[in-house]
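Chemist: Below is the sequence, then the predicted model.
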Amino acid sequence: AQSVTQLDSHVSVSEGTPVLLRCNYSSSYSPSLFWYVQHPNKGLQLLLKYTSAATLVKGINGFEAEFKKSETSFHLTKPSAHMSDAAEYFCVVSYTGGGNKLTFGTGTQLKVEL
Amino acid sequence: GAVVSQHPSWVICKSGTSVKIECRSLDFQATTMFWYRQFPKQSLMLMATSNEGSKATYEQGVEKDKFLINHASLTLSTLTVTSAHPEDSSFYICSAPTQLAGDETQYFGPGTRLLVL
């Protein structure tokens, strides 16, 4: 069985300050991990993914995430928040042989203030 | 990157009518597609797995007679909400994996907002 826990339902930062969105996972197999972003009334856009290659993954729009197996974590970071980053962020896990089924975290709403 | 489209983007219908939502993979073939439902300010809930050329696989608690899924070709899956009622109002999203070797990435459609009056 696999599961994903996003530790914060809401995160608020000031524009220009760092962003940290936390994610912990549980998987019986070698997982693939993803971060998706969803803007209001839109579908999901892939930010980045980890699929057993480099543990530090760089994504679009300046986001990156580090896979830490010992901590079962895959936290999303960005050095400097922009107003356009305000959105809902989902941490997602799947595993090879799982039929491509995704398990979603509950989401983190990122608010960026001036 | 891979593109998945959905049509319509939003629909309003009367209670008791049926609504069909299309999900298309535009630049790749998808033998499998997934349908999700999302309530306001909540995460995505997997409803069913759509399989090209065979029956869909429904998640526990999802009524297969209520949510009819057809995967008629390698680029098209449809979800039909039959005899829709106000409680079926929701945001419906589909996704499809590119099925490249070793790549679990799924690409999502833009979603369909359904409002049943």
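Modeler: Thanks, I have the structure now.

Chemist: Please report how far residue B:93 lies from residue A:72.
Modeler: To residue A:72, residue B:93 is 27 Å away according to C-beta to C-beta, to the nearest Å. (Each C-beta comes from the backbone N, C-alpha and C, glycine too.)

Chemist: These two - which one has more neighbours?
Modeler: residue B:93 (26 against 14; other C-beta atoms under 10 Å in any protein chain shown).

Chemist: quick one: contacts for the more buried one?
Modeler: Applying C-beta atoms under 8 Å, 6 or more residues apart in numbering or on different chains, we find residue B:93 in contact with A:43-44, B:6, B:35-38, B:44, B:108-109, B:111-112.

Chemist: nearest to residue B:85, of these?
Modeler: Closest approach to residue B:85 among the contacts of residue B:93 (C-beta to C-beta): residue B:37, at 14.2 Å.

Chemist: contacting residues for the spatially most central residue of chain A?
Modeler: For chain A, the residue sitting closest to the mean C-alpha position, by C-alpha atoms, centre = their mean, is residue A:35 at 3.4 Å. Counting by C-beta under 8 Å, 6+ apart, residue A:35 touches A:21, A:23, A:46-49, A:59, A:63, A:65, A:74, A:76, A:89-92.

Chemist: Pairing partners for the helix or strand that contains residue A:92, with directions?
Modeler: In this structure, residue A:92 sits in strand A:87-95 according to DSSP states H and E. Taking DSSP bridges as the criterion, strand A:87-95 forms sheet pairs with strand A:31-38 (antiparallel), strand A:103-104 (antiparallel), strand A:108-113 (antiparallel).

Chemist: so how far is that strand from its chain's centroid?
Modeler: Strand A:87-95 has its C-alpha centroid displaced from the chain centroid by 5 Å (C-alpha atoms, centre = their mean, to the nearest Å).

Chemist: now swap in stretch A:16-28 and tell me
Modeler: Here stretch A:16-28 is found 6 Å from its chain centre; the criterion is C-alpha atoms, centre = their mean.

Chemist: Could you tell me the end-to-end distance of that stretch?
Modeler: Using C-alpha to C-alpha, to the nearest Å, one end of stretch A:16-28 lies 38 Å from the other.

Chemist: Tell me if it is near chain B.
Modeler: No - with C-beta under 8 Å from any C-beta of the partner chain as the criterion, chain B is not reached by stretch A:16-28; the gap is at least 12.0 Å.

Chemist: what does that stretch rub up against?
Modeler: By C-beta under 8 Å, 6+ apart, the list of residues contacting stretch A:16-28 reads A:1-8, A:11, A:13, A:31, A:33, A:35, A:63, A:65, A:71-81, A:85, A:89, A:91, A:93, A:95, A:105, A:108, A:110.

Chemist: Likewise for stretch B:16-27?
Modeler: For stretch B:16-27, contacts defined as C-beta under 8 Å, 6+ apart pick out B:2-8, B:11, B:13, B:33, B:35, B:50, B:74-85, B:92, B:94, B:96, B:107, B:109, B:112, B:114.

Chemist: And it, what's buried?
Modeler: For stretch B:16-27, burial by neighbour count (16 or more other C-beta atoms under 10 Å in any protein chain shown) applies to B:19, B:21, B:23-25.

Chemist: Closest to chain A out of the residues you listed?
Modeler: Ranked by distance to chain A (C-beta to the nearest C-beta), the buried residues of stretch B:16-27 are led by residue B:23 at 10.6 Å.

Chemist: In chain A, where is pLDDT below threshold?
Modeler: Within chain A, the ranges that satisfy pLDDT under 70 run A:96-99.
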